[in-house]
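*Asks:* Predicted model and sequence below, questions to follow.
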Amino acid sequence: MADTHNFVLASGGVDSLLTLYIAAQTLHPVTPVFIEYGQKWLWERESASMHVEFLKSRHKDVHTIVNDLVTIKIGSLPQKNHYVYGRNLAFATYAAAHALSTVRPPARIIIWFGFNRDEAAVFEDNTEQFLQDATRVLRHYTLPHLFSIHVVSPLLYLGKFDEGVLLRYFDIPLQLVESSAPCYESQERCGKCPSCRHWKRVLAGYRWAEVGDLLKREDLEFYVRILLRLVCDALGGFEDVFHPAPTALREVCEGGSHAKP
Ligand SMILES: [Zn+2]
């Protein structure tokens with residue numbers, strides 16, 4: 001089988017942190033890619049770098065090579081009412097172009113986004129349809145005889161609470177998670193901006209997943225297996241990326257797509 005390479009769009013946010021962590025549990029090299037498109041928030045790239053350094057320090061969970069963060073500057077994308085038109089299509093295209101120029105063919109290239117259920121409900125380019133469309137176009141028009149390109153998002157069926165649960169379950173430090181969701185308005189948390197509202201839900205999940213008594217532990221294990229099942233389903237057809245890494249994800253994925261969690 002052709003080699004597989006993972007390229008993960010690293011935005012510095014919570015979704016991106018969890019996506020990177022999951023990609024690093026596969027057996028195939030991970031290259032985190034940060035796209036500079038004229039965003040005003042300087043913390044994003046710094047935060048993405050911290051995520052990569054954290055992963056590199058987590059030898060017990062990382063089953064593959066994690067490369068240094070790659071930064072691609074694409075100039076300024078037009079924005080209106082906080083919406084950046086064509087952003088994710090541009091990101092997928094640049095990530096694919098970078099992959100094609102660095103990976104030796106024949107190869108399977110997986111481009112990972114950190115879209116979740118909440119965003120899919122609001123933005124057209126954070127949906128399952130977008131992932132399918134981007135996959136079809138990039139695969140068809142970029143050297144299909146040499147490369148097989150797939151665009152995926154492991155968090156597609158998860159909400160922010162669920163992400164908090166998994167982050168705690170994977171033992172990712174709360175401080176790192178919190179610094180990945182800074183307040184947009186001030187140094188202190190305003191509690192009202194979109195980032196603070198998302199943070200509340202992530203924190204609620206993280207706190208819920210603190211291990212308590214035995215009964216709670218059983219509930220937690222059950223819930224986590226459902227979430228991991230949803231991650232595997234979102235990666236549809238890519239279960240083999242985890243094989244044979246000794247991870248909870250591998251165990252759940254091997255159960256087949258309709259197995260009970
Ligand atoms: Zn805020």
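*Replies:* Structure's in. What do you need? Numbering: from 1, shown residues only.
*Asks:* Apart from its neighbours in sequence, what residue is nearest H28?
*Replies:* T4 (4.1 Å; C-beta to C-beta, 6 or more residues apart in numbering). Quick note: C-beta positions are derived from backbone N, CA and C, even for glycine.
*Asks:* The one you found belongs to a helix?
*Replies:* No. Assigned with DSSP: H, G, I helix; E, B strand; the rest coil, T4 falls outside any helix and is strand.
*Asks:* got the contact list for it?
*Replies:* Counting by C-beta atoms under 8 Å, 6 or more residues apart in numbering, T4 touches T26, H28, A107, R108, I109, I110, V241.
*Asks:* and if we set it to 10 Å?
*Replies:* 26-29, 64, 103, 107-110, 148, 150, 238, 240-241 (C-beta atoms under 10 Å, 6 or more residues apart in numbering).
*Asks:* Show me these that map onto strands.
*Replies:* Of the contacts of T4, the ones assigned to strands by DSSP state E are A107, R108, I109, I110, S148, H150.
*Asks:* Of the contacts of T4, which is the most crowded?
*Replies:* Compared across the contacts of T4, I109 has the highest neighbour count, 27 neighbours, by other C-beta atoms under 10 Å.
*Asks:* Was I right to think that residue contacts F7?
*Replies:* Yes. Contact criterion C-beta atoms under 10 Å: I109 and F7 qualify, at 6.6 Å.
*Asks:* any idea of the pLDDT on F130?
*Replies:* We have a pLDDT of 96 for F130.
*Asks:* got the CA positions of the lowest-mean-pLDDT helix or strand in the chain in CSV?
*Replies:* Lowest by mean pLDDT, DSSP states H and E among the helices and strands of the chain is helix 248-254, with a mean of 74. Provided in CSV are the C-alpha atoms of helix 248-254 (Å, rounded to 0.1, in the frame of the first residue of the first chain):
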residue,chain,number,x,y,z
ALA,A,248,-8.2,3.5,22.7
LEU,A,249,-9.2,4.8,19.3
ARG,A,250,-7.7,1.8,17.6
GLU,A,251,-9.7,-0.6,19.8
VAL,A,252,-13.0,1.2,19.1
CYS,A,253,-12.3,1.6,15.4
GLU,A,254,-11.6,-2.1,15.0
